[in-house]
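Trainee: Mind looking at a prediction? Sequence and model below.
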Amino acid sequence: MELKADKPLRDEINTVTKAATKLTSEWPQTVMDKKTTPPSGDKHDYLTLAPYFWPDSTKECGLPWINKDWQLNPMTRGGNVDFDAMKYTFSAVNNLSKAAFYTLDQKYAKKALQFLRAWFIEPATKRTLILITLREFVDQITVDVLL
């Protein structure tokens, strides 16, 4: 006898496994993939820019940047910063881990580990782990202590 709850679970397993299978042929994205080098000069440092801040068009150099509520600056997404690569990596690890759990197939667990190693461990691609994050408003910097 099949329980009603079985179909939603089977659907979830099929969806996750299909996504994870696609991920097994993809390469991890890392902080080294961004086009922009952080102010530190080290591409291993995670870079994020305030998404609603724009260069000031009334100033020749555009500084300081100004806030434009709910107007997303495209420079703060895509290959310019690390946000999309981080989101992709964590989503991939989530899908691969679920697929490994549901199917007990180690290929998914191994691929999840490859993504995590690329992001956190491999010297050539890892992000710098620091206890503070800097949110850059181009010439204005705020520091949030992660304690």
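Mentor: Sure thing, it's come through. The structure displayed is predicted, hence computed values, not measured ones. Residues are numbered from 1 along each chain as shown.
Trainee: residue ranges with poor pLDDT in the chain?
Mentor: 1-5, 130-147 (pLDDT under 70).
Trainee: Tell me which stretches of it form helices.
Mentor: 6-23, 83-103, 106-120 (DSSP state H).
Trainee: For T37, find the nearest of those helices.
Mentor: helix 83-103 (14.7 Å; CB to CB). Where you see a C-beta, it was placed from the backbone N, CA and C, and this is true even at glycine.
Trainee: Please point out which parts of that closest one sit buried.
Mentor: Going by neighbour count (16 or more other CB atoms under 10 Å), the buried part of helix 83-103 is 83, 85-86, 88-89, 92-93, 95-100, 102-103.
Trainee: which stretch among the helices of the chain comes nearest Q29?
Mentor: Closest among those, using CB to CB: helix 83-103, at 3.9 Å.
Trainee: can you list contacts of that closest one?
Mentor: Applying CB atoms under 8 Å, 6 or more residues apart in numbering, the contact partners of helix 83-103 are 13, 16-17, 19-21, 23-24, 26, 28-31, 33-34, 46, 48, 76-78, 105-106, 108-109, 111-112, 115-116, 118-119.
Trainee: contacting residues for R117?
Mentor: Per CB under 8 Å, 6+ apart, neighbours of R117: none.
Trainee: how much space between G62 and W70?
Mentor: G62 is 20 Å from W70, where distance means CB to CB, to the nearest Å.
Trainee: any chance of the helices of the chain in CSV, with distance to W54 too?
Mentor: Below are the helices of the chain laid out as CSV (distance: least, CB to CB, whole Å):
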stretch, distance to W54
helix 6-23, 35
helix 83-103, 17
helix 106-120, 29
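Trainee: right, and the ones you listed - which one's nearest S40?
Mentor: The nearest among those, by CB to CB, is helix 83-103 at 17.2 Å.
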